[in-house]
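Novice: Sequence below, structure please.
(2 chains)
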2 protein chains.
Amino acid sequence: MIGRLNHVAIAVPDLEAAAASYRDTLGAKVNPPQDEPEHGVTVVFIELPNTKIELLHPLGENSPIKGFLEKNPAGGIHHICYEVDDIIAARDRLRAAGARVLGDGEPKIGAHGKPVLFLHPKDFQGTLVELEQA
Amino acid sequence: MIGRLNHVAIAVPDLEAAAASYRDTLGAKVNPPQDEPEHGVTVVFIELPNTKIELLHPLGENSPIKGFLEKNPAGGIHHICYEVDDIIAARDRLRAAGARVLGDGEPKIGAHGKPVLFLHPKDFQGTLVELEQA
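Specialist: Here you go, the predicted structure:
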């Protein structure tokens, strides 16, 4: 069912410092920050030849990554995102297998303009999993 | 400098349950477990179209992931691995930029039979970074 690894998302306390470490120290292709107010984050996309890294920094009062950074003040990997062809079919298969879909189970439009869902970390070895319809 | 994302490594407390969740629930291509006694882990490789996920479980008394699982009993993402063309050149560039290379700085032969180094998580937003010479 799952296809490509779409991205690895890393929550960071200092977006400019994190972007500099990927750009200058690791020598990766780092894009300018983009505010995503409807998702409560500012994102820096790092383009690798086969996938993306997304640096996430809180934007606004109700950012979904605020709590994560309180628990992990240095930052850390927040989630991984796998692509699926059909997000509704994926959700129904996951639920039938006993996996918990976060929220009301209706896909939201994610940071890339495509439908996404998140799965409960307790069902996936402590890893928050995002599914994105490719 | 960094190239492809070679893999994302997830430390898991129950390798068979984790393999089943990727194989049966997420529908990914999951390979049989491989013991890597010289690295203190048993590994299950999950093949995605563009990269790999590696499920890691401790093997032996001195496993490098034992402490991680004590802190994160449900499991969690342990490290991410980027490919580089020349690991010595990469190490020297990183050190010149002030990044800390773990251990004695000499590349070890990693789980794929290629030279690897690990970088200090404090220099990379709380993320343990492995570099592998591709």
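Novice: Just confirm A:V41 contacts A:P64, I think it does.
Specialist: Yes: counting by CB atoms under 8 Å, A:V41 touches A:P64, with 7.4 Å between them. C-beta coordinates here come from the backbone N, C-alpha and C atoms, glycine included.
Novice: Look at those two and report which has more neighbours.
Specialist: A:V41 (25 against 14; other CB atoms under 10 Å in any protein chain shown).
Novice: Backbone dihedrals for that one, both of them.
Specialist: phi -140, psi 150 (degrees, to the nearest 10).
Novice: Return the residues in contact with it.
Specialist: Counting by CB atoms under 8 Å, 6 or more residues apart in numbering or on different chains, A:V41 touches A:L56, A:H57, A:P58, A:L59, A:S63, A:P64, A:I65, A:A111.
Novice: A:K114 too?
Specialist: A:K114 touches A:E132, A:Q133, A:A134, counting by CB under 8 Å, 6+ apart.
Novice: pretty sure the first one is in a strand, no?
Specialist: Yes: per DSSP: H, G, I helix; E, B strand; the rest coil, A:E132 lies within a strand segment.
Novice: Okay, and the beta partners of the residue lying closest to it once chain neighbours are set aside?
Specialist: The shortest distance from A:E132 to any residue other than its chain neighbours is 4.9 Å, reached at A:V116 (CB to CB, 6 or more residues apart in numbering or on different chains). Note on A:V116: beta-bridge partners A:K108, A:E132, judged by DSSP bridges.
Novice: Can you tell me which of the contacts of A:V41 are buried?
Specialist: Among the contacts of A:V41, those buried by neighbour count (16 or more other CB atoms under 10 Å in any protein chain shown) are A:L56, A:H57, A:P58, A:L59, A:S63, A:I65, A:A111.
Novice: element containing the second one?
Specialist: It refers to A:H57. Assigned by DSSP states H and E, A:H57 belongs to strand A:52-58.
Novice: contact partners of that strand?
Specialist: By CB under 8 Å, 6+ apart, the residues outside strand A:52-58 that reach it are A:6-15, A:18-19, A:22, A:28, A:33, A:40-46, A:65-66, A:69, A:78, A:111, B:5, B:125.
Novice: Having no further points to raise, I will conclude here.
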